[in-house]
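Chemist: next comes the sequence, and after it the predicted model I'd like to discuss.
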Amino acid sequence: MIRLGIDVGGTNTDGVLMDESYRVITSMKTPTTDDVFTGIQTIIQQFASHPAVNLEDIQVATLGTTHCTNAIVERKQLNRVGVIRLSLPSGTTIPPFLGWPNDLVEALQPEIALIHGGYEYNGEPISHIRHEELDHVIEQMRGKVESIAVCGVFSPVLQDQEKYVVEYLQRAFPNMPISMSSEIGSVGLIERENATILNAALMTTIRQVSQGFRRALKEAGIEAAIYLGQNDGTLMTGDYAEQYPIFTIACGPTNSIRGAAHLSNVDNAIVVDIGGTTTDIGVLVNSFPRQTSLAVEVGGVRTNYRMPDIYAIGFGGGTCVTQQNESWKVGPESVGYCLMQEAISFGGETLTATDVALAVGELEIEGADCSRITEPVHDIYPLFTQLVAEAVDRMKTSATPIPVILVGGGAALMPTVLEGASEVIRPAHASVANAVGAALGDISGTVEKVYALENITHEDALQQAKEEAIEQAVEAGAERSKIEVIELEDYPLAYMPGNAILVKVKVAGPLAL
Amino acid sequence: MRWLTENDIEHIAVGAAVLGTGGGGDPFIGKMMALGAIDKHGPVKVINIDELKDDDFVLPVSGMGAPSVLVEKIPSFDQLVNPLKAYEEAIGKKVTVIMPIEVGGVNSLIPVAVAAMTGLPILDGDAMGRAFPEAQMVSFHLDGLKPELVTMADEQGNHVTIRPVNGLWSEKLSRQVTVAMGGSTIVSDYGVDGKQAKKSVIPNTLTLAQKIGELLEKRTEAVHPIEKMLQLLKGRLLFKGKAQLIKRGIQGGFTRGEAHFTGMDDDEHSECILYFQNEHLIAKRDGRPIALTPDLIAVLDEETGMPITTEGLRYGARVIIVAFPAHEKWRTPIGIETAGPRYFKYDVDYVPLEQLHEEELS
């Protein structure tokens, strides 16, 4: 069995083929094209003609892509969305879309309805659903929307009302995609509703992605099951992804962290992904990226959506090095993808980080000529390691030295010794770590739920959350017997007598094939 | 007198999180309510306490309950104004000015939404100068006033009027009503005339929150925003370090716990422990107290200066811990009795921040 992995980044689209023991057979990089797909096609076609590869052996094809992020950021090809909030009589002071960028709202042409419904924190209904209101909403939305988002108060505690409403709507609109908030976000109505709306708006985009990917594979003669990368470092099946496009946002940095873990065979480390313009530093905890706890904005909209904790600095292979008075300044300007034209060592006129690394002998590139470099490179090079070492230190959780894994196209710029690192690992295929990450096959399930401890013991609550997450992972394609718990946390709800806790659990397991 | 702009509200939200000293609820939802109400009903006028007339009737409005409920079950417009209506009905007087009771956290901006809806001005001041967990922890209580009337409302249209005998009963009864109402209510208490408000209100705290927010936003200049914040609030930098161990537990509905930090830079080889009960209450360095409630203790992100709440604090966060002196009303015997370390069951006597800081230096 062979796995095909593709990761679409801002500058490059990377591809990799891996054998059944997850070893890299071949890899390639091609510039990301404006339409995104041409780059993906180029890689698939190239791999299909690889002499050592039997096309029938490629059974799994995974894609990590920026399509959905681009659609939101560029306000392109978004669906007209109907938003139904189950909250009345609560919730009127903050209507849906309050605080959204105007141009994004215009792109969605939303129809909005607040109806009776929602739950208290302990699962008692705020109001029951009223059929006449639902019928009215159906008439309001008919012919005006292409996709619907349903969001009920405290649906992470109890999904029943949301499920009921979704089924009711499906009878009226049999082919309409409907997004349900309890499957998308956690506690925090506004943020969860925002993420659900964005999910609903991406339905056409995600279908084009998964169908386009299927077609490109088929044209190349590859009959593989397709999967899309999520930002938590796990995969979803193509069909599942078509319902949850929002989960593909920001999968790029996650893929490189996961890829780094795999290539280096280390589970806990700092991952430094050096690109052409920036360096992303992430933290690998039990082979998954550490998530940020801060509210995350997507295209100017606040969501409570899961994102890896990344610290980015303006340093990469194309970073410009300039003299300022007596000292040297590193970046943040960069020649980016024009490195091969503009860097001094390649016949250009700009002194870049790559030139300096070549001149001090840390880096070797065929065809590079650093004889024209006259700057004091031995004074400049330590500035690079200092920049990266400081950024690494910022992300560390303790002063104890910890392994640092260098990946990305610029990984070779760094020396093999770094302050604060117990060891510096620059694995083979480091430059395509993100495509490797995309090809790795773990499937996850995540549950975030509030439990009132009057009705259930603390232990039972954790157990129940765990079981639910496992069911979710199995449904998404994981092999039940190999699912493991990755994260399990619980938080008390403050300022409330009568103990209530918020439980967060994440499980993951390999693809069931 | 001035009008609050959308930008002002954004800034107040950030400053309110700093003054929330780790608790008080994320001001985000209050900001959204204020912006939503202004959007629908028009702008809000801010007046300072010098502009109060003796016969004005000033009514505080706040949210009570769990911030984690407030972020799901968002109040209705009726719910926001019902406590005010019930208060007016019970006392037979018209409210002329709205005020925040607690400038720290989400309660800084909920009254702004009420002011927008009613067209009444909002007072630039509050009754805490920070965030505190209990209803009697207000300057009115310190001045010997009783909350003779407490009105509360939920989203269903229920409202409750309580006539408690003192501040402690007010807290006890209103907390139970809040639970029955689903864990989050809108409350009015300590309605006072303009003359009393001038004596009891901690002045200019909305403007203070706004200034803090502005400092943190304009981060391009050479001086670190935390430096400027310390100047503005006459504060002290307590500790620079990384969060290590964080312990949280529930006790009587409050998150009680402690967070341990190991030092960096000048504080290398030192350890700092923060004790919190929703809000940060005590900071100790290598076992010695360095800041004590009611003085304000805030945990700020080392790089951005943005405040981090006790719920948002994570293992590995790189922070600067700062403290600001509480308003003088809190540093009196009754202030210390109401919100000093011993009230929160910590076995240590209150010592002002400045004195602790000097002892630490010598």
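Modeler: Looks like it arrived, so ask away.
Chemist: in a helix, B:Val69, correct?
Modeler: Yes: assignment of B:Val69 by DSSP: H, G, I helix; E, B strand; the rest coil places it within a helix.
Chemist: what count of nearby residues applies to it?
Modeler: By other C-beta atoms under 10 Å in any protein chain shown, the residues close to B:Val69 number 28. For the C-beta atoms, the positions are set from N, CA and C on the backbone; glycine is no exception.
Chemist: strand partners of the helix or strand hosting A:Ile6, parallel vs antiparallel please.
Modeler: In this structure, A:Ile6 sits in strand A:2-8 according to DSSP states H and E. According to DSSP bridges, strand A:2-8 forms sheet pairs with strand A:12-18 (antiparallel), strand A:58-64 (parallel).
Chemist: measure how far it is from the centre of its chain, please.
Modeler: In terms of C-alpha atoms, centre = their mean, to the nearest Å, the centre of strand A:2-8 is found 15 Å from the chain centre.
Chemist: let me see the ranges of the helices in the stretch 151-300 of chain B.
Modeler: When assigned using DSSP state H, counting those that start in this stretch, the helices of the stretch 151-300 of chain B occupy the ranges B:167-180, B:194-200, B:205-217, B:225-233.
Chemist: could you list the buried residues of the second one?
Modeler: Put plainly, it is helix B:194-200. Going by neighbour count (16 or more other C-beta atoms under 10 Å in any protein chain shown), the buried part of helix B:194-200 is B:Gly194, B:Gln196, B:Ala197, B:Lys198, B:Ser200.
Chemist: can I get these in JSON lines including pLDDT and distance to A:Gly316?
Modeler: Shown next, in JSON lines, are the buried residues of helix B:194-200 (pLDDT from 0 to 100; distance: C-beta to C-beta, whole Å):
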{"residue": "B:Gly194", "pLDDT": "97", "distance to A:Gly316": "62"}
{"residue": "B:Gln196", "pLDDT": "97", "distance to A:Gly316": "63"}
{"residue": "B:Ala197", "pLDDT": "97", "distance to A:Gly316": "58"}
{"residue": "B:Lys198", "pLDDT": "97", "distance to A:Gly316": "60"}
{"residue": "B:Ser200", "pLDDT": "96", "distance to A:Gly316": "58"}
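Chemist: give me the beta-bridge partners of B:Arg2?
Modeler: Bridge pairing for B:Arg2 - DSSP bridges - gives B:Val46.
Chemist: quick check: it vs B:Pro27, distance?
Modeler: As judged by C-beta to C-beta, to the nearest Å, B:Arg2 and B:Pro27 stand 20 Å apart.
Chemist: for A:Arg214, same thing?
Modeler: A:Arg214 sits at a distance of 47 Å from B:Pro27 (criterion: C-beta to C-beta).
Chemist: same question for A:Ser334.
Modeler: In this view, A:Ser334 and B:Pro27 are 37 Å apart by C-beta to C-beta.
Chemist: looking at those two, which has the bigger crowd around it?
Modeler: More neighbours surround B:Pro27 than the other of A:Ser334 and B:Pro27, with 32 against 23 (other C-beta under 10 Å).
Chemist: ok, that one - contacts?
Modeler: B:Pro27 makes contacts with B:Ile12, B:Ala13, B:Val14, B:Ala16, B:Ala17, B:Gly20, B:Gly105, B:Val106, B:Ser108, B:Leu109, as judged by C-beta atoms under 8 Å, 6 or more residues apart in numbering or on different chains.
Chemist: from B:Leu70, how far out is it?
Modeler: For B:Pro27, the distance to B:Leu70 equals 11 Å [C-beta to C-beta].
Chemist: need the overlap of contacts for the two.
Modeler: Residues touching both B:Pro27 and B:Leu70 (C-beta under 8 Å, 6+ apart) are B:Val106.
Chemist: domain map for chain B?
Modeler: Split into domains by automatic domain parsing, chain B comes to B:2-205, B:222-361.
Chemist: right, and these - which one's nearest A:Asp490?
Modeler: Each of the domains of chain B has some distance to A:Asp490 by C-beta to C-beta; the shortest is domain B:222-361, at 9.4 Å.
Chemist: which residues of chain A fall in helices?
Modeler: A:37-48, A:67-73, A:102-108, A:131-141, A:160-172, A:189-201, A:203-219, A:238-241, A:251-264, A:339-342, A:353-359, A:377-395, A:433-439, A:458-475 (DSSP state H).
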